[in-house]
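1. Sequence plus the predicted model coming up.
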There are 2 protein chains.
Amino acid sequence: MLKDRSPTRIQKKNRAAILEAALEVFSAHGFRGATVDQIASQAGLSKPNLLYYFPSKEAMFTALLSELLDTWLDPMREIDANGDPLEEILAYVQRKLQMSRDYPRESRLFANEIVQGAPRMLEALSTDLRDLLAEKEAVLTAWMAAGKINTTHPKHLMFSIWALTQHYADFDVQVRMLMEPEDPFDAAPEFLETLYRRMLTPTS
Amino acid sequence: MLKDRSPTRIQKKNRAAILEAALEVFSAHGFRGATVDQIASQAGLSKPNLLYYFPSKEAMFTALLSELLDTWLDPMREIDANGDPLEEILAYVQRKLQMSRDYPRESRLFANEIVQGAPRMLEALSTDLRDLLAEKEAVLTAWMAAGKINTTHPKHLMFSIWALTQHYADFDVQVRMLMEPEDPFDAAPEFLETLYRRMLTPTS
DNA sequence: GCGGGATTTGACCAACTGGTCAAACTCACG
DNA sequence: CGTGAGTTTGACCAGTTGGTCAAATCCCGC
């Protein structure tokens, strides 16, 4: 039986290996489509051994989600209310795009879950994400009121950034198929910078 | 045994009921997550009866995809090379947004499939969608060359329209959760019109 | 090097799932 | 009507899946 003392060396290594394997499999097949056997073989462990470290498949999934959500929201946290408004937003867009390039599995994990109604994630989203969005929405609104950036609906502005950047990770196969042999990430940064610069530069 | 003569009244009704139920269930749970029993009970038929009309779960899914893909691409087909460039694009964005509002299940069906690598759809996409995109890309390029709209990467422009409009259907739960009690579709049309107007209006 | 907790696993189980099939039922039409 | 094709289904099957468990093995501090 696994006690909840401070984790041993082996526990740390195996839990990490399991979560890494779970990310690989869950992001590719969704919760229902993934099997514990797949995760086990991906992690190089036996199925009963996985269930020694996590009480259930569900527990692996939620552990993975809560471990990743924080990292996933970091680019938004870094938006600095005291920086130059337009440059702050453009930098946020680029950070988010970078996340799609570097961590597409994480993006697809969340996408899979939300498309299906986020049954296991809605609670986390409705606290962490909601609070963070409210905070940054206030920053955007202040910038708009001060005439630093063009006025628009701040929430839809944020949604648009998420949609555009995550699209390159979530719909990767489609985008790559339509762009081959080019790499979508070659032109995407410039495209998005141009788009948001034109969108937000104040028309004095 | 089901012959491939012209369909009887009953065949038409039941095939339609099955595909409607399949759309409901597949779009909510993905291919792997959906069960034939679920589809059967949603359609008000018995499981063996479904398998009388379709040889397998896979066949229901692919029948559904090929039936819907055409409709899904219609808004893009309607882009008129002889219309006013900016207005044509803005109208396309609105048609696509309307699709997300009126047919969110279709959007999520495709999203589910593409996020997971589009294993059963890549072939259709790589012919129908690829050809259509190539055609409309040429139109966009001509408009840009003629100075009718601002110059950007035409493929990324199309991707951005898909990403932004489908986001409201695919991530519906998240968007609604963050906007409640407002309806996202109230402000979305205006937001997207403003965005693409600013993005594409030629800077003479 | 040994004792006991930590870790690992083969064997197993019950539930579920896609699919089959023969028998029953229904319906259109002569 | 009656009859044969079209339609429906209860019972069933084999493979898969999440999860259990007792026994075996490993590993660390003494």
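-> Looks like it arrived, so ask away.
2. For chain A, give me the ranges with low pLDDT.
-> Residues of chain A that meet the criterion pLDDT under 70 lie in A:1-5, A:204.
3. how's it carved up into domains?
-> A:1-55, A:64-200 (automatic domain parsing).
4. Return the set of buried residues in stretch A:99-113.
-> A:99-101, A:103-113 (16 or more other Cβ atoms under 10 Å in any protein chain shown). Glycine gets a C-beta too; all of them are placed from N, C-alpha and C.
5. likewise stretch A:179-193?
-> Those would be A:Met179, A:Pro184, A:Phe185, A:Ala188, A:Phe191, A:Leu192, for stretch A:179-193 by 16+ other Cβ under 10 Å.
6. Show me the contact partners of it.
-> The contact list for stretch A:179-193, computed with Cβ atoms under 8 Å, 6 or more residues apart in numbering or on different chains, reads A:90, A:93-94, A:97, A:101, A:164-165, A:168, A:172, A:175-176, B:152-153, B:155-157, B:159-160.
7. Of those residues, just the buried ones, PyMOL syntax please.
-> What follows is the PyMOL syntax for the buried subset of the contacts of stretch A:179-193, where burial is set by 16+ other Cβ under 10 Å:
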select buried, (chain A and resi 90+93+94+97+101+164+165+168+172+175) or (chain B and resi 152+153+155+156+157+159+160)
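8. Looking at the contacts of stretch A:179-193, which are in helices?
-> A:90, A:93-94, A:97, A:101, A:164-165, A:168, A:172, A:175-176, B:155-157, B:159-160 (DSSP state H).
9. what's the neighbour count on A:Leu122?
-> 15 (other Cβ atoms under 10 Å in any protein chain shown).
10. my guess is it contacts B:Val173, does it?
-> Yes. Contact criterion Cβ atoms under 8 Å: A:Leu122 and B:Val173 qualify, at 6.8 Å.
11. Need phi/psi at the closest residue to A:His156 other than its chain neighbours.
-> For A:His156, ignoring the flanking residues on the chain, the nearest one in space by Cβ to Cβ, 6 or more residues apart in numbering or on different chains is B:Phe191 at 4.1 Å. Dihedral angles of B:Phe191 (phi, psi; degrees, to the nearest 10) stand at phi -60, psi -50.
12. Could I get the buried residue list for the helix or strand containing A:Asp74?
-> Taking DSSP states H and E as the definition, A:Asp74 sits inside helix A:57-77. Across helix A:57-77, burial judged by 16+ other Cβ under 10 Å covers A:Lys57, A:Met60, A:Phe61, A:Thr62, A:Ala63, A:Leu64, A:Leu65, A:Leu68, A:Leu69, A:Trp72, A:Pro75, A:Met76.
13. mind giving me JSON lines with those and columns for distance to A:Ala146?
-> As requested, those are exported to JSON lines (distance: Cβ to Cβ, whole Å):
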{"residue": "A:Lys57", "distance to A:Ala146": "50"}
{"residue": "A:Met60", "distance to A:Ala146": "47"}
{"residue": "A:Phe61", "distance to A:Ala146": "43"}
{"residue": "A:Thr62", "distance to A:Ala146": "41"}
{"residue": "A:Ala63", "distance to A:Ala146": "43"}
{"residue": "A:Leu64", "distance to A:Ala146": "41"}
{"residue": "A:Leu65", "distance to A:Ala146": "37"}
{"residue": "A:Leu68", "distance to A:Ala146": "35"}
{"residue": "A:Leu69", "distance to A:Ala146": "32"}
{"residue": "A:Trp72", "distance to A:Ala146": "30"}
{"residue": "A:Pro75", "distance to A:Ala146": "23"}
{"residue": "A:Met76", "distance to A:Ala146": "21"}
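14. Pick the one among the residues you listed closest to DNA strand C.
-> Nearest to DNA strand C among the buried residues of helix A:57-77: A:Lys57, at 13.4 Å, using Cβ to the nearest atom of the strand.
15. what sits against that closest one?
-> Here A:Lys57 is in contact with A:Phe31, A:Ala34, A:Val36 (Cβ under 8 Å, 6+ apart).
16. ok, back up a step: out of the domains of chain A, which comes closest to B:Pro48?
-> domain A:1-55 (23.5 Å; Cβ to Cβ).
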